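Novice: sharing a sequence plus its predicted fold:
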Amino acid sequence: AERRWRLSSPCNRRPASQSHGVPSPGSRAQAREPKPPQSRSQPRDARGAFVAAPRHRRAARCEEAMAALEEAFGEVIQRQITDDASFAKWKTSSARREIVAFVTRLNASCVNKPNLAMDAAPPQIRKLMDALRAIAAGCNQYLPKPGEARRYGSPMFRDWHAWLVSSTPELVSTLGSDNAELSARLAASFGDRTRIDYGTGHECAFVVFLLGCCKLQLLSENDVDGGAVVCGAFAEYVRTCRIIQRCFGLEPAGSKGVWALDDYQLLPFLFGCSQLSDEEHGFGDEDTGLLTVNASSLSGRSMFYECLAFVDESTGTTPLDVAAPILFNLTMQPWRTNARRLLRLFDEEVLGQKPVVQHMLFGELLTADWDVSEGPSEESERLMRMKAVMDAANKKLGIGSG
């Protein structure tokens, strides 16, 4: 879907590297500021240059990333997408269709409705918004230390995340539930403690958390279909994520740089377009590539403008058609058309990508509706053998398994 959009982008009339003195496309997070110094403990090649961690070491970090959640909630949630065979089953599963149906329902609920203030929200939505604000306020206890050793995000995020995991049962209890699976899903919605990053997979985890709240009847049908869940709770979730992202400098997980809507989020753009469905489209000048609206002043009207203000702040003086051509391309189409495209993008680029959904948690509230007791597939056995060989080679070289 992104490739199709790219073809019609005005940015493609000229290479980004030759426009307005802007470097070639890359992560906006990296373009904003110089890359922090590399870790001295990171491996180097024969010329002394830093090298990427081997694939099996990255896989080991993925395993470690889930360790805290599995230690706290392992009895109620597990990962089931572990290899190509299980991913193929996920793509045609009822679990995936259930998430798409729920997001579609949420999207329909917020058509032509502005963001919801706390004092105007229904009681249960207000409790959820309070819980999200408590999560954001927890950052104040773990502020990054000046001059701390770091490569990307602040290591203090790990301490904050440990606090989050221990706090979610109490936060969920304020909604009237002691369900451990809900606590696990809420804890999984704000970033990865090992990689210190955040991406659309974590955003999806919060959607499944909301789905679980509906199944447990913590949120009423009217809360969902009346738009309060999206315009109140989800909008507050995005604000909470922005606070965490800024506080700890979280690395974008799997960002496509300028070919992404946003380094972190996708769904607030979808819901934001639906909030503006019947309004006249257009927020940028196609000739200059600059915004024609004050996004910050319109942020109360729609999540789209909140996100647009965030991207505009992040990209500085770079024209939007260069810094974020996929986002800028939305100015040319009606809001309803944009919403349809973004819903398809969510299905294809989030739920349809193995690197994203391999961290998906399954339990009673979202079940893996395929046979997970078949034993390891040929692919998983091959990867395990490869990992064993690489571990032995690294041990012999004295690199270790870090």
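Specialist: In hand now; what should we look at? Everything quoted here is computed from the prediction, not taken from an experiment.

Novice: does Ser274 sit in a helix or strand, and which one?
Specialist: Counting by DSSP states H and E, the element that carries Ser274 is helix 267-275.

Novice: and the contacts of the helix or strand that that helix is followed by?
Specialist: Past helix 267-275, heading to the C-terminal end, the next element that is a helix or strand (DSSP H and E) is helix 303-315. Counting contacts by Cβ atoms under 8 Å, 6 or more residues apart in numbering, the residues outside helix 303-315 that touch it are 28-29, 31-32, 115, 234-235, 238-239, 242, 261-263, 265, 268-269, 271-273, 275-276, 283, 291, 293, 295-296, 298-299, 320, 323-324, 327. Every C-beta, even on glycine, is put in place using the N, C-alpha and C of the backbone.

Novice: what's the answer for stretch 349-364, then?
Specialist: So stretch 349-364 is in contact with 1-2, 62, 65-66, 69, 76-82, 84, 87, 90-91, 95-96, 99-100, 181, 184-185, 188, 192, 199-201, 203-205, 208, 254, 266, 366, 368, going by Cβ under 8 Å, 6+ apart.

Novice: mind redoing it with 6 Å?
Specialist: With Cβ atoms under 6 Å, 6 or more residues apart in numbering as the test, stretch 349-364 has contacts from Val76, Ile77, Gln78, Gln80, Ile81, Phe87, Arg96, Glu181, Thr200, Gly201, Cys204, Ala368.

Novice: buried subset of these, written for ChimeraX?
Specialist: A single ChimeraX command is used to select the members of the contacts of stretch 349-364 judged buried by 16 or more other Cβ atoms under 10 Å:
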select :76,77,80,81,87,96,181,200,201,204,368
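
Novice: can you pick out the most distant pair from the contacts of stretch 349-364?
Specialist: Of all pairs drawn from those, the greatest distance, 23.9 Å, lies between Val76 and Thr200 (Cβ to Cβ).

Novice: out of the contacts of helix 303-315, which end up buried?
Specialist: Restricting those to buried positions leaves 28-29, 31, 115, 234-235, 238-239, 242, 261-263, 265, 268-269, 271-273, 275-276, 283, 291, 295, 298-299, 320, 323-324, 327, with burial counted as 16+ other Cβ under 10 Å.

Novice: in strands, which of the contacts of stretch 349-364 appear?
Specialist: The strands, defined by DSSP state E, take in Gln78 from these.

Novice: pLDDT weak spots in the stretch 201-350 of the chain?
Specialist: With pLDDT under 70 as the threshold, the stretch 201-350 of the chain has low-confidence stretches at 257.

Novice: how does it look with 80?
Specialist: Low-confidence regions of the stretch 201-350 of the chain, defined by pLDDT under 80, span residues 254-260.

Novice: residues contacting Leu291?
Specialist: By Cβ under 6 Å, 6+ apart, the residues touching Leu291 are Gly284.

Novice: gap between it and Glu181?
Specialist: Note on Leu291: its distance to Glu181, by Cβ to Cβ, to the nearest Å, is 42 Å.

Novice: and the helix holding Ser274, what does it pack onto?
Specialist: The elements that helix 267-275 packs onto, with contact taken as 3 or more Cβ pairs under 6 Å, 6 or more residues apart in numbering; DSSP states H and E, are helix 303-315, helix 335-349.

Novice: which residue, other than its chain neighbours, is closest to Val100?
Specialist: Closest residue in space to Val100, ignoring its immediate chain neighbours: Asp347 at 5.5 Å, by Cβ to Cβ, 6 or more residues apart in numbering.

Novice: and Phe362, bridged to which residues?
Specialist: Counting by DSSP bridges, Phe362 is bridged to Gln78.

Novice: looking only at pLDDT, what's the mean for the helix or strand encompassing Ala72?
Specialist: Secondary structure assignment for Ala72, by DSSP H and E: helix 55-73. Rounded to a whole number, the mean pLDDT of helix 55-73 is 58.

Novice: hey, what's Asp197 bridged with?
Specialist: Asp192, Glu251.

Novice: contact partners for it?
Specialist: Leu250, Glu251, Ala253.

Novice: try it again at 7 Å.
Specialist: Contact criterion Cβ atoms under 7 Å, 6 or more residues apart in numbering gives Gly153, Gly191, Leu250, Glu251, Pro252, Ala253 as the residues in contact with Asp197.

Novice: what of Lys91?
Specialist: Lys91 makes contacts with Gly352, as judged by Cβ under 7 Å, 6+ apart.

Novice: again, but for the one 4 residues further on
Specialist: With contacts defined as Cβ under 7 Å, 6+ apart, the neighbours of Ala95 are Leu366, Thr367, Ala368, Asp369.

Novice: reformat these as CSV; add distance to Leu106 and pLDDT.
Specialist: Formatted as CSV, the entries for the contacts of Ala95 read as follows, by distance: Cβ to Cβ, whole Å; pLDDT from 0 to 100:
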residue, distance to Leu106, pLDDT
Leu366, 16, 94
Thr367, 21, 93
Ala368, 23, 91
Asp369, 22, 84
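
Novice: for those, which one is nearest Ala120?
Specialist: Of all the contacts of Ala95, the one sitting nearest Ala120 is Leu366; the distance, using Cβ to Cβ, is 30.6 Å.

Novice: quick revisit: hmm, which of the contacts of Ala95 are the buried ones?
Specialist: Among the contacts of Ala95, those scoring as buried are Leu366, Ala368, Asp369 (criterion: 16+ other Cβ under 10 Å).

Novice: much appreciated, bye for now.
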